[in-house]
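> Next comes the sequence, and after it the predicted model I'd like to discuss.
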Amino acid sequence: MTATGTAAGTATHRLPLVLRNRRFGAVWAAQVLVQAAGRMFQVGAVWWLVGYAAGPDRGLASGAFLAVSTLPAVALAPLVARLIARHPHRTVLGASAAVAGLVALGAAGWTYATTPPMVVAYGAALLLAGCQAVFDPCLTTSVPELVEDADIETATGFELGTQSLAGLAGGLLGPLVVDTAGLAGVVAGCAGAYLLAASLIGAIRFPAPGSPATGSDTPARTRPLRQILSELPFIRRVLLCFTAANVFTTAVFVVMPLYTRTVLHADGSTVAALEAALGAGTLVGSFTGGRLPGAPTAVGAGCLVLMAAALGLPGLAAGQAAAVGSMAVAGWCVGVIGVRFVALFQRLVPADDRPGFFAVMQALLGATFPVSSLVFGLLGDHLPARTLCLVQALGVLPVAAALWWTGRREPHGSEPAAAPQEDPAPAAQPIGDVR
C-alpha cells in the first residue's frame, strides 16, 4: 500500500500543473480564452481599419485604435489596484470576463445588423480594454493564491506561456476572420470566448484566506502606488527602461499591418503569419529563457540588442521571409525578457503590495503605447514602412545600454544571477514577462 501510494503520488507530481491543480487549470483555461479573444479583436480590428475601412488615413486610424485600446490600463491603474486588493480575486476575474462578453455580444449584434461606423470599433476597444486592464493584473496577483509556494515558478511559466499562446492564436485568427466574415465574425467569436471564460471561473472556488495556498489571514494593506515604487529603486529603474523600450517595440503592431499593405502588398493571411511568428517566438522564449545564464539585466540588455537587429531587418531587406524571421526573433526576445523579470518582481515585491505593484507595472509599461501608436501611425501616413522599421531599431539600442548599466550599478546580490530551476519539466523554465 505504501509503495503504491508513493508511486501514485510521484505520478501525480509529474503531471503538468494545470492537470494536478484543478483550480489553477480552470483559471488557466479562462486566461487562454480571455487573452486570445482580446488579441483576436485587436489584431482583427486593426486589419479591418487598414485593409477595408480607413482609406488613405489608415496609419493614423490604426494608431488611434491601438492608443484607445491601451488607455484603460493607464488611466484605471489606481482604481484597479484598489479593486483587486479589496475584493475576492475570483469575483474580479469572473466579473471582468463576463462584462467583456456582454460588451462583445452587443457589438456583434450591431455589426451583424449593419455596417458599423469606425466609432463602434473604437468604443468596443475602449470597453474591452477596460475589462482586460482588470483581468490581467488580478490574474498575476492570484497565482500565489492558487498554487503552493513550490509551484509558483511553474504556475507563472504557464501564465506567461499562455500570454504567448493566446497572442499566437488570436493574432493568427483575427485577420483571417476579418477577410472571411468581416468585423462581425471577429466580435462574435470574442463574445463566445469571454462568456465561456466567465463560466469556467464561476465553476471553481478559490482557497479561503488563511489556507495553506494563501498563506495568511491578515487583510491586505493598501499603500499608494508611488510609495511602493519609491521603496523599490532597482525595480523602478528596470521598469523605466522597459517603458522607454516600449515606445519603439510596441510600434510593431502599427508597423506590421502597414508594412504588409504598402511593402508586401499582401492580404490578411500575411498579417496572420507575422502575428503567428511573433507569438510563436514569444512562446519559445517563455519556455527557454530560464535556461540562459546571467543576471536578468545582462540577459535583458542582450535581448534588446538582438531585438533591435530583428526590428530593423525588414527595413534593410524587404520581403515576407525577412519579416516573418524578424518577428520570430523579436518574439523570442520578448519571451526571454519576460521569463527573467516578472518572477524577479514576484520575489522582491512584498506580498501585500503585489496588487498595487502589478497594476502600476501594467500602467507604467503601457503608458507609452498610446503615444507610440499615434506617433508611428501618423508617421506611417508620411514615411515608408521600411523607414519605420529602422526607427524602431535605432530607438531600442540606447535602452539596451541603459538596462545593462542599471545592472552594473546594482550592489552584488540584489538580483539573482539566473532563474531558479526547481522542476526539470519545460513548464518550469519560464518565470515572467515584462509587458
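Sure thing, it's come through.
> show me where pLDDT drops low in the stretch 1-150 of the chain?
For the stretch 1-150 of the chain, the stretches with pLDDT under 70 are 1-14, 18, 150.
> just so I have it, where are all the helices in it?
Along the stretch 1-150 of the chain, the segments classed as helices by DSSP state H, counting those that start in this stretch run 2-14, 17-20, 22-48, 58-75, 77-86, 89-113, 118-146.
> show me where pLDDT drops low in the stretch 251-400 of the chain?
Using pLDDT under 70, the stretch 251-400 of the chain drops low at 343, 355-356, 359, 362-363.
> gap between the closest residue to Thr387 other than its chain neighbours and Ala323?
Distances taken as Cβ to Cβ, 6 or more residues apart in numbering place Gly315 nearest to Thr387, at 6.6 Å, with adjacent residues excluded. (Glycine included, C-beta is placed from N, CA and C.) Going from Gly315 to Ala323 by Cβ to Cβ, to the nearest Å gives 10 Å.
> Tally up the residues packed near Ala97, please.
28 (other Cβ atoms under 10 Å).
> rewinding a little: alpha carbons of whatever helix or strand the residue nearest to Thr387 lives in, in PDB - could you do that?
In the assignment (DSSP states H and E), Gly315 maps to helix 296-316. Output of helix 296-316 as PDB, limited to C-alpha atoms (Å, rounded to 0.1, in the frame of the first residue of the first chain):
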ATOM      1  CA  PRO A 296      18.400  39.400 -15.500                       C
ATOM      2  CA  THR A 297      19.700  42.900 -16.600                       C
ATOM      3  CA  ALA A 298      22.500  41.300 -18.600                       C
ATOM      4  CA  VAL A 299      20.200  38.900 -20.300                       C
ATOM      5  CA  GLY A 300      17.600  41.600 -20.900                       C
ATOM      6  CA  ALA A 301      20.100  44.000 -22.400                       C
ATOM      7  CA  GLY A 302      21.500  41.400 -24.700                       C
ATOM      8  CA  CYS A 303      17.900  40.500 -25.800                       C
ATOM      9  CA  LEU A 304      17.100  44.200 -26.500                       C
ATOM     10  CA  VAL A 305      20.200  44.400 -28.800                       C
ATOM     11  CA  LEU A 306      19.100  41.300 -30.700                       C
ATOM     12  CA  MET A 307      15.500  42.700 -30.900                       C
ATOM     13  CA  ALA A 308      16.800  45.900 -32.400                       C
ATOM     14  CA  ALA A 309      18.600  44.000 -35.100                       C
ATOM     15  CA  ALA A 310      15.400  41.900 -35.700                       C
ATOM     16  CA  LEU A 311      13.100  45.000 -35.900                       C
ATOM     17  CA  GLY A 312      15.500  46.700 -38.400                       C
ATOM     18  CA  LEU A 313      15.900  43.700 -40.700                       C
ATOM     19  CA  PRO A 314      12.700  44.300 -42.700                       C
ATOM     20  CA  GLY A 315      13.700  47.900 -43.300                       C
ATOM     21  CA  LEU A 316      17.000  46.700 -44.900                       C
END
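> List the buried residues in whichever helix or strand comes after it.
The first helix or strand that comes after helix 296-316 along the chain, using DSSP H and E, is helix 320-348. With burial defined by 16 or more other Cβ atoms under 10 Å, the residues of helix 320-348 counted as buried are 320, 322-346.
> Count the neighbours of Asp149 for me.
For Asp149, using other Cβ under 10 Å, the count is 10.
> Please apply the same query to the one 3 residues further on.
Per other Cβ under 10 Å, the neighbour tally for Ile152 reads 19.
> So for it, what's the nearest residue that isn't a sequence neighbour?
Pro144 (5.9 Å).
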